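Undergrad: give me a 3D structure for the following:
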Amino acid sequence: MEHVKTFESFLNEAAITKKEIVIKGLSDVDHTRIIKWLGDNINNGQYKLKKKSEKDYILDVSKALPIEIKDINNYLTSQNYI
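TA: Numbers count the residues shown, from 1 in each chain. Below you'll find the predicted structure:
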């Protein structure tokens with residue numbers, strides 16, 4: 001029955017992942033750091049960083065896998081970007 005718990009947690013995790021992540025107050029240096037991290041850790045073409053306003057960005061992760069979205073969220077949270 002343990003595999004049922006794992007599958008259930010997988011579905012729950014997939015359901016809560018966002019398709020767009022808003023990053024507010026991003027400096028040019030932090031923007032560069034995020035782009036470098038994404039390039040090193042996420043498959044090319046699986047994300048798009050769009051400018052929302054002068055310092056705010058929207059990270060579109062609609063093409064990324066749920067595990068990649070989780071990694072992105074963990075990275076952004078650990079660096080205090082979101």
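
Undergrad: could you list the low-confidence segments of this structure?
TA: By pLDDT under 70, the low-scoring segments of the chain are 1-18, 44-45.

Undergrad: tell me, what residue is most central in this protein?
TA: Closest to where the C-alpha atoms of the chain average out (CA atoms, centre = their mean) is Ile72, at 3.4 Å.

Undergrad: so that residue belongs to a helix, correct?
TA: Yes: the assignment for Ile72 by DSSP: H, G, I helix; E, B strand; the rest coil puts it in a helix.

Undergrad: I'd say it and Tyr47 touch.
TA: Yes: with contact defined as CB atoms under 8 Å, Ile72 reaches Tyr47; the gap is 7.3 Å. Bear in mind the C-beta positions are built from the backbone N, C-alpha and C, glycine included.

Undergrad: any residues in contact with both of the two?
TA: Taking CB atoms under 8 Å, 6 or more residues apart in numbering as the contact rule, Ile72 and Tyr47 both touch 38, 59, 61, 64.

Undergrad: beta partners of the second one?
TA: With DSSP bridges applied, the residues forming beta bridges to Leu59 are Ile21, Leu49.

Undergrad: and for it, the neighbour number?
TA: Look at Leu59: counted by other CB atoms under 10 Å, it has 23 neighbours.

Undergrad: same question for the last one.
TA: Taking other CB under 10 Å as the criterion, the count of residues near Ala64 is 21.

Undergrad: need the contact list for it.
TA: 42-43, 46-47, 72.

Undergrad: are any of these buried, and which?
TA: Buried by 16 or more other CB atoms under 10 Å: 42, 46-47, 72, out of the contacts of Ala64.

Undergrad: quick one: the strands in the protein?
TA: Counting by DSSP state E, the chain forms strands over residues 20-23, 48-51, 57-60, given from the N-terminal end onward.
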